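1. next comes the sequence, and after it the predicted model I'd like to discuss.
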Amino acid sequence: MADDEGGPEMLSFRELARRLVTDGVVEKITHQRISQLAKSDEGFPPVVPVGRSSAVDYRLARPYFAGRKSRQGQRTDLAPKPGGEQVPPQS
């Protein structure tokens, strides 16, 4: 089916995580991480409550995740502080 045909393709966060990995959009992601992004990122596609679950349109979520830069394992304690000072790592 072409992306411009039919209505939205609503997926739960758990199914969205599985589908993003299966389709090769991301290497790995959990439904918990998707939930975090939905709560904290203003650019996240609209979320629709379905019972006790949440769903999102895959046709909007796929480009969001494809264009998102992953920062897995990035050490924020080594990043320069706003004043330009770098904090040395603790031993």
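-> Good, I have the coordinates. Predicted, not measured: the structure shown is a model, and the values here were computed from it.

2. now the residue nearest to L60 when sequence neighbours are not counted: which helix or strand?
-> Spatially, and ignoring its direct neighbours in sequence, L60 is nearest to P45 (3.7 Å; Cβ to Cβ, 6 or more residues apart in numbering). Every C-beta, even on glycine, is put in place using the N, C-alpha and C of the backbone. Per DSSP states H and E: P45 is located in neither a helix nor a strand.

3. residue contacts, the residue positioned nearest the centre of the chain?
-> Central residue check for the chain by Cα atoms, centre = their mean: the C-alpha nearest the mean position is that of I34, 4.7 Å away. By Cβ atoms under 8 Å, 6 or more residues apart in numbering, the contact set of I34 is F13, L16, A17.

4. of these, closest to Y64?
-> Comparing these against Y64 with Cβ to Cβ picks out L16 as the nearest, at 10.4 Å.

5. what does the nearest residue to R62 once chain neighbours are set aside show for phi and psi?
-> Spatial nearest neighbour of R62, excluding adjacent residues (Cβ to Cβ, 6+ apart): V25 at 5.9 Å. Backbone torsions for V25, taken as degrees, to the nearest 10, come to phi -70, psi -40.

6. coming back round to it: and the contacts of I34, which of them are in helices?
-> In this view, the contacts of I34 that belong to helices under DSSP state H are F13, L16, A17.

7. how many residues are close by K28?
-> 10 (other Cβ atoms under 10 Å).

8. now it: closest residue in space that isn't a chain neighbour?
-> Using Cβ to Cβ, 6+ apart, the closest residue to K28 is V21 (6.0 Å).

9. same check on T30?
-> That would be A17: by Cβ to Cβ, 6+ apart, it lies 5.7 Å from T30.

10. perfect, I'm done here.
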